[in-house]
Structures are given as C-alpha cells and as structure tokens.
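Participant: need a structure here:
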Amino acid sequence: MLLVALWSASAAVAAEPLLVPGRMGYNALPALRNVDPVVGNRTELELSATAQLAGLGAQDAAGTPYVRLTVPFREVAALELDGTPFELFRTSAATGERIGARVRSGASPGDLRAGARFLVLEERGKRPALGLRLVVKSTSGKDRGARRFTNAPGYVFDVLAGKDLAAAGPVRLRALAKLGFLAWQVADGRQDDALDYGATLRAAFASGVALSGEWRGYAGWRGDDRPMVLGLTADVPAGSRVLLRASADRGLTSDAPPLDVRLGVVLFLDAPMARDRAAGQADPRLASGARPRRQPGPR
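Facilitator: Predicted coordinates:
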C-alpha cells in the first residue's frame, strides 16, 4: 500500500504542468524591464497599479499593486527591491483547463525580487556605459493551485549597456540594451534556463517629459517559456521630486500577457553616500539642462 501511495503521489507531481510562463498567471514569471547601467545619485520609490487582460471584456484578467525601491551608493552600485505584494485575478474556464488551475478567481500573495546593479564602465566617446544586474526572486507567491505564482526560486544575471545617440535641439536620444541568463525552478529537482534580452530607445525632451519604446523577453527550452513584449512608457515630471509614469505593453507571443497597463508615480529622495548632496538640488532627469556625468534617464 505504501508503494502504491508513493507511486500515485509521484504520478500526480509528474502530471502537474511545468511552472513556465505560458501555463501560469500573468505575473508569475514576467520579462523584467530594461534598465540603465548608469546608477545615478537619488533614491527612487515607485508606486503603481497594474492591470493585465486578454482584451476588453475578456474573462482572463489580473490586477496588482507594484512597488519598486532603488537605493544608489556613490553612483556605482544600487540595491533594488521590487515586486507585486498580491494579485487579484479572474480566469476563464478554457484558460483554467489549459493551464491546470484548480481555482479560477480570487486573491493571491505575490512575489518579491531583490537585486543589485553595478556600473562597470562609464560612457566615454563611442563606448557605451556597461553594467551588471543580478536579481533573485523570492518564494513568497504561494498559490500554485490557481497557477498564479510559482512558490519556487529563480534568478537573473544581465549585462547592461547604455549610450547617448544624439541630441537634436530639445530632444535627446538614449539607447539601452541587456543580454543575460535567467533560470528558475519548474518542478521538484528541475529547472528551466533562458536567454534574457531587451532593448530600449528613449527620447527625453527639454521639458523633462520622456517617451520610451521597449522590447524585452526571454527564451527558454522547455516549451511555453518564450514571452516577448513590446511596450511604450511616458514619464511626466510633477515637480522636482515627483514623476508621473504611464506604460502599456503588448505581448508578442502567447506566453506573455496580451495587454499590460501600468499607472503610477516615482518619488525621488536623497541617496545615502551620494557624491553630490547639495540641498534642494533638482533631479537631473526632470531638468532641461545638460545631463550631468553618470546620471541616467528615467528608469
């Protein structure tokens, strides 16, 4: 009887779909946004509300708060924390059957991520700024029965690049790129490995407004693990310490959320161990003057 019970449990585990983005909730394994290797000198706190849906009137939908904290140290390194504390979701019968979800609606605790970003080489002449980013995913997301989060570890290691391309009158263009390695646990004793990639073109105006077009995703090898996203972000300053942010992403593959909309604010604070601590200094990203040395555009 014991052997039969063990065999049945093993068979049940083997029959459970793998923890890959195409068979999970919209926020389980997202493609991380591109970032600038230039760290900057101010702490950033982003507070946003995010909604993902398959289309207007669709039954597949999710909503989450999003929180990000970036704390730079001497403009060469930054500690980064971000995540979705919880998710409200609704899943259609067809989608629930396809991904193996036993719960079709409700609320689920989400995942948190912790990481660090390092500036390795400053931008100089034709050479872009180069940096590194390491991100580790927590196991705080527990709702495996609803297929919303993985309750499993994961990590990302990216090489980052950033380069000012041109300045045409009041407009400054900057390009960002990333290429790296992503790995996460898909079942007991099994993991998926993926190539993480992305590119961004940002246009910053003298008024402080910035528009960014972004392409990002990753490509694994187990199947249903190749999300690709095309997005647009608008940043509008609302004072020297507040930035209003709106973004919309369109999934280019079936493994990514079809539509993702985010609205929020970014608050700028003085960073510990900053090189320049002048009181009342406006954030360079919100000013119309020339960009100071080693200061990135809005993330």
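
Participant: how about the nearest residue to Arg98 once chain neighbours are set aside, what does it touch?
Facilitator: Distance criterion CB to CB, 6 or more residues apart in numbering; nearest residue to Arg98, sequence neighbours excluded, is Arg23 at 7.4 Å. Placement of C-beta: from N, CA and C, glycine included. For Arg23, the contact set (CB atoms under 8 Å, 6 or more residues apart in numbering) comprises 17, 98-100, 147, 224.

Participant: one more pass at 10 Å, please.
Facilitator: By CB atoms under 10 Å, 6 or more residues apart in numbering, the contact list for Arg23 reads 16-17, 29, 95, 98-101, 147, 186, 223-225, 255.

Participant: low-scoring stretches of the chain, by residue?
Facilitator: Low-confidence segments of the chain, defined by pLDDT under 70: 1-16, 55-57, 141-143, 271-299.

Participant: tell me where it has helices.
Facilitator: 2-15, 93-99 (DSSP state H).

Participant: any buried residues in the shortest one, and which?
Facilitator: To tie it back to what came earlier, the one meant is helix 93-99. For helix 93-99, burial by neighbour count (16 or more other CB atoms under 10 Å) applies to 95-96, 99.

Participant: farthest-separated two in the contacts of Arg23?
Facilitator: Thr95 and Val186 (19.4 Å; CB to CB).

Participant: and for Asp188, the neighbour number?
Facilitator: Asp188 has 10 neighbouring residues, counting by other CB atoms under 10 Å.

Participant: not counting its neighbours along the chain, what's nearest Leu121?
Facilitator: Leu130 is the one closest to Leu121 (CB to CB, 6+ apart), at 4.3 Å.

Participant: would you map the strands across the stretch 101-250 of the chain?
Facilitator: 105-109, 112-121, 129-137, 154-168, 171-187, 190-205, 210-219, 228-237, 242-251 (DSSP state E, counting those that start in this stretch).

Participant: for Thr64, find the nearest of those.
Facilitator: Of all these, strand 105-109 comes closest under CB to CB, at 9.5 Å.

Participant: what is that closest one packed up against?
Facilitator: strand 61-73, strand 86-90 (3 or more CB pairs under 10 Å, 6 or more residues apart in numbering; DSSP states H and E).

Participant: recalculate using a threshold of 7 Å.
Facilitator: strand 86-90 (3 or more CB pairs under 7 Å, 6 or more residues apart in numbering; DSSP states H and E).

Participant: perfect, that will be all.
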